[in-house]
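pasting the structure only:
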């Protein structure tokens, strides 16, 4: 891929004033770029492909503002890979090194010609400590999505999670959930099928279940599952045990490191890798 092919590929996806800046980033460290269909799990990604080399993919359905931010986010991963991982230096995917690189690369784009107000001010504030996903900043997420007729979307059954109440039920990626709590910018919901608890960003759009007969069945199943889980919960919760405690989960031994909001960080004894557990996970 040449810089001309790159700019020709993305010229309809990002603000025009950003094209030369993206070209400059590519000339410093070339990469391949592919536009993908909508993916529920991610907006974009970066990998060092064994055959094609550094490759970035971005979803096609993003607004120009969101596409550009996602692209620079992934370019920052590319720069970090070349500076650290390729030299055998292991860093966290969204650790200090990535944050600093992302901040540096985004700085030239934070101008009125590319991002208009109020998005520009919100984005500048976000970039003081960028998160792994823009979805963790509800205000930024809304502005990046661009103009959406929320009344029309609601009439179609689609709601933003932050506008829903505890106890409401919704469908996400063909699975049914019930909202059980809110914490900071997260909505906590229980999967009706497996009774596991998941965190959702408050700005996520989901399909709200409003059919009363169906709701009653879902709530009854959720209450039954909750009662069964409570009856089976005979051990301590991972969030309750002291830091440094060694515990087993699915026959694998871990050492607890710390609690982090709704998650517990633990180190696998054998490999030294870090894993995240929900603090309500019961140890038997």
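Thanks, I have the structure now. Owing to the predicted nature of the structure, the values given are computational and were not obtained by experimental measurement. Numbering: from 1, shown residues only.

Got the phi and psi for residue 247?
phi -140, psi 160 (degrees, to the nearest 10).

So what's the residue count around residue 180?
Residues lying near residue 180 (other CB atoms under 10 Å) number 14. For the C-beta atoms, the positions are set from N, CA and C on the backbone; glycine is no exception.

That one is in contact with residue 197, isn't it?
Yes: assessed by CB atoms under 8 Å, residue 180 is found in contact with residue 197 at 7.1 Å.

what is in contact with the two at once?
188-190 (CB atoms under 8 Å, 6 or more residues apart in numbering).

For the residues you listed, give me TSV that also has neighbour count, pLDDT and secondary structure.
Shown next, in TSV, are those (neighbours: other CB atoms under 10 Å; pLDDT from 0 to 100; DSSP: H, G, I helix; E, B strand; the rest coil):
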residue	neighbour count	pLDDT	secondary structure
188	18	90	strand
189	25	90	strand
190	21	88	strand
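
Looking at the residues you listed, which one is closest to residue 274?
Set against residue 274, the nearest of the shared contacts of residue 180 and residue 197 by CB to CB is residue 188 (22.2 Å).

wait, what's in contact with that closest one?
Listed by CB under 8 Å, 6+ apart, the contact partners of residue 188 are 179-182, 197-200, 262.

Any chance of those residues in JSON lines with pLDDT as columns?
Below are the contacts of residue 188 laid out as JSON lines (pLDDT from 0 to 100):
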{"residue": "179", "pLDDT": "91"}
{"residue": "180", "pLDDT": "89"}
{"residue": "181", "pLDDT": "89"}
{"residue": "182", "pLDDT": "83"}
{"residue": "197", "pLDDT": "87"}
{"residue": "198", "pLDDT": "87"}
{"residue": "199", "pLDDT": "83"}
{"residue": "200", "pLDDT": "83"}
{"residue": "262", "pLDDT": "75"}
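
By mean pLDDT, which helix or strand of this protein comes out lowest?
In the chain, the helix or strand scored least confidently by mean pLDDT, DSSP states H and E is helix 150-155, which has a mean of 53.

what's the following helix or strand after that helix?
Sequence-wise, the next helix or strand downstream of helix 150-155 (DSSP states H and E) is strand 158-160.

Return the set of buried residues in the helix or strand following that next one.
Counting by DSSP H and E, the next helix or strand C-terminal to strand 158-160 is strand 169-172. Neighbour-count burial for strand 169-172, counted by 16 or more other CB atoms under 10 Å, picks out 169-170, 172.

which helices and strands does strand 169-172 pack with?
In this structure, strand 169-172 packs against strand 175-183, strand 205-208, helix 212-232, with contacts taken as 3 or more CB pairs under 8 Å, 6 or more residues apart in numbering; DSSP states H and E.

hmm, 10 Å instead?
Helices and strands touching strand 169-172, as assessed by 3 or more CB pairs under 10 Å, 6 or more residues apart in numbering; DSSP states H and E, comprise strand 175-183, strand 186-191, strand 197-201, strand 205-208, helix 212-232.

what sits up against that strand?
Contact with strand 169-172 is made by 40, 157-159, 161, 164, 176-179, 187, 189-192, 198, 200, 204-211, 214-215, 218-219, 222, as judged by CB atoms under 10 Å, 6 or more residues apart in numbering.

partners of that strand in the sheet?
The strands beside strand 169-172 in its sheet (DSSP bridges) come out as strand 175-183 (antiparallel), strand 205-208 (antiparallel).

would TSV of those with distance to residue 9 be doable?
Output for those, formatted as TSV (distance: least, CB to CB, whole Å):
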stretch	distance to residue 9
strand 175-183	34
strand 205-208	27
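
Just the buried ones among the contacts of strand 169-172, please.
Buried by 16+ other CB under 10 Å: 159, 161, 164, 176-179, 187, 189-192, 200, 204, 206, 208-209, 218, 222, out of the contacts of strand 169-172.
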